[in-house]
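1. based on what follows, work out the 3D shape:
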Amino acid sequence: MAPGNSSEASRSIGQSAIDDPLSPYFLHHSDNPGLTLVSQSLTGDNYSSWSRAMKIALSVKNKFGFVDGTIIKPSEADSNLLNFWTRNNNIVISWILNSVSKDISASVLFSESAANIWEDLKERFQQSNGPEYSNCDVI
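-> Numbers count the residues shown, from 1 in each chain. This is a model prediction of the structure:
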């Protein structure tokens, strides 16, 4: 393979990732940082219902993999895909920040990934005696 072809192939794969509506990297024109996905903000004592609503909303947007860690950050070597990942990760972070109280938002604002924020919120607010939805077959 000639030099430059691998870069072209990477760009092609990356471009198809953002153009395909089935790709988690696809952003619909309505997907913007100001979007609020759930009607009730996380205040701490409503984690279970908030988490379930966010899982559903993120699943519909095909972005749940950014919070459960299944869509991992690409290496620096794949700069196009890394840029797409970063853009989508930041969109998901903004959606999470829009769906939590101001106090909670301030405590997770500087986390670098949506998955880190999701795990932090789960550890802080999930009650051990409450219903557990994370093992459900249905997101």
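
2. contacts only, for Asn46.
-> Shown in contact with Asn46 (Cβ atoms under 8 Å, 6 or more residues apart in numbering): Gln40. In short, each C-beta sits where N, CA and C put it, glycine included.

3. how close does it sit to Ala17?
-> 35 Å (Cβ to Cβ, to the nearest Å).

4. same question, Ser59
-> With the distance defined as Cβ to Cβ, Ser59 ends up 19 Å from Ala17.

5. could you list the low-confidence segments of this protein?
-> Counting by pLDDT under 70, the chain shows low-confidence ranges at 1-15, 128-139.

6. and the longest helix for it?
-> Ordering each helix of the chain by length in residues (DSSP state H) puts helix 79-98 first.

7. just the residues contacting it, thanks.
-> Helix 79-98 is touched from outside by 10-11, 13-15, 17-18, 24-25, 27, 31-37, 54, 57-58, 63, 66-67, 71, 73-76, 105, 108-109, 111, 113-114, 117-118, 121, with contacts defined as Cβ under 8 Å, 6+ apart.

8. can you mark which positions in the following helix or strand past that helix are buried?
-> Following helix 79-98 in sequence order, the next helix or strand is helix 102-108 (DSSP states H and E). Applying a neighbour-count criterion of 16 or more other Cβ atoms under 10 Å, one finds Ile104, Ser105, Val108 buried in helix 102-108.
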